[in-house]
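> Sequence and predicted structure below; questions after.
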Amino acid sequence: MKFHQAEALILSVTDLQEADRIVEFLTRDLGKRRGVARGAKRRYSRFAGELQPLARARIEWFEKERRDLVRISAVELSRAPKALTADLESILLGAYLAEQGAVFAQEGEPAELLFRLLDTTVEELERGADRDLAARYVETWVLRLAGIFPAPSECPECARPLRGGAALAASGEALLCQTCGGAAATQVSAGAIELLRRIARESLRQLAERPPERIALGEVASIAGRVRRHFLQHELKSYVVLERTLASLKESR
């Protein structure tokens, strides 16, 4: 049985039997792990208050060969995600960001870039970053790191620069020029293309200093969703809940 300890981001926490919980967490060097926190559901558990999605913590665990679940022995919280527990919208956003990490991270493979993306995004949200901008930044970069987000630079069919706008292929696999896109493609504005280029080269804090138009944020959300659904063949549960809840809250106001 091997002992490990590492700085980690907690991705999800689910109940197991009467007193235990399964914790999914992301580390820089060892990728994603899933482990059992014994007695975590008990009132006076040593894990009480530590197991929060997107919290950063020092986690110690024991790993046994041919076992899918590790045994978590200690969790020491180093940053609570206060900005993601302030209200319902924040909680749903936190679940959405964490599920992206859980779905796209690989077990046993280094995840330095994904870890840093989620970690710095939580820090910027703690500083008051716009939630919509943070969501677009993460979902776009998660797909880029997975190697499936289409480049917003030039048309892969004719090599024409995508400066004046583009067309998202019906499959969601490519951003084409408006000529090559055809009738079945979805038109993408020049503003959305510029935002995608900025996301690729600027930090979230830099983006916030010159905020994009809301309409461009909406387009980027649609593009990222189309690409993600094409790759996964389904939508993330947390995203569905987030969108339905936001729509319901908007109607009630």
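Happy to help now that I have it.
> and residue 73, how many neighbours?
Residues near residue 73, counting by other C-beta atoms under 10 Å, number 16. Every C-beta, even on glycine, is put in place using the N, C-alpha and C of the backbone.
> what's the answer for residue 185, then?
Neighbourhood size, residue 185 [other C-beta under 10 Å]: 19.
> That one touches residue 169, doesn't it?
Yes. Using C-beta atoms under 8 Å, residue 185 is in contact with residue 169, at 5.5 Å.
> so what's in contact with the two at the same time?
Here residue 185 and residue 169 have residue 176 as joint contacts, going by C-beta atoms under 8 Å, 6 or more residues apart in numbering.
> you'd agree residue 216 is up against residue 190?
No. With contact defined as C-beta under 8 Å, residue 216 does not reach residue 190; the gap is 9.2 Å.
> more crowded one of those two?
Higher neighbour count among residue 216 and residue 190: residue 216, with 21 against 13, using other C-beta under 10 Å.
> May I have the phi/psi pair for the more buried one?
Backbone torsions for residue 216, taken as degrees, to the nearest 10, come to phi -70, psi -40.
> Distance-wise, check the closest residue to it other than its chain neighbours relative to residue 165.
Using C-beta to C-beta, 6 or more residues apart in numbering and skipping residues adjacent in sequence, the residue nearest residue 216 is residue 191, 4.2 Å away. Distance of residue 191 to residue 165, computed by C-beta to C-beta, to the nearest Å: 9 Å.
> Three-state assignment for residue 113, please.
The three-state label given to residue 113 by DSSP: H, G, I helix; E, B strand; the rest coil is helix.
> What's the mean pLDDT across stretch 32-48?
Taken as a whole, stretch 32-48 has a mean pLDDT of 84.
> Can you say which helix or strand has the residue nearest to residue 216 in it?
helix 190-201 (DSSP states H and E).
> list the helices and strands that helix packs on?
The contact analysis (3 or more C-beta pairs under 8 Å, 6 or more residues apart in numbering; DSSP states H and E) places helix 190-201 against helix 131-145, helix 214-232.
> Could you export those helices to a markdown table, including columns for mean pLDDT?
What follows is the helices and strands packed on helix 190-201, written out as a markdown table (pLDDT from 0 to 100):
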| stretch | mean pLDDT |
| --- | --- |
| helix 131-145 | 97 |
| helix 214-232 | 95 |
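> Any buried residues in stretch 160-175, and which?
For stretch 160-175, burial by neighbour count (16 or more other C-beta atoms under 10 Å) applies to 162, 165, 166, 167, 168, 169, 172, 174, 175.
> And the furthest pair within these?
The two members of the buried residues of stretch 160-175 with the most space between them (C-beta to C-beta) are 165 and 172, at 17.1 Å.
> And the chain, split by domain according to the record?
Listed domain ranges for the chain are 2-80, 89-252 (source: automatic domain parsing).
> one step back: now the helix holding residue 191: average pLDDT?
On average, helix 190-201 scores 96.
> Pull out the buried residues from that helix.
Of all the residues in helix 190-201, those buried under the rule 16+ other C-beta under 10 Å are 191, 192, 193, 194, 195, 196, 198, 199.
> So what touches it?
Residues outside helix 190-201 that contact it (C-beta under 8 Å, 6+ apart) are 136-137, 140-141, 144, 152-153, 162-166, 175, 207, 212-213, 215-217, 219-220, 223.
> can we see that at 7 Å?
137, 140-141, 152, 162-166, 207, 212-213, 215-216, 219-220 (C-beta atoms under 7 Å, 6 or more residues apart in numbering).
> What is the subsequent helix or strand relative to it?
Helix 190-201 is succeeded, C-terminally, by helix 204-209 (DSSP H and E).
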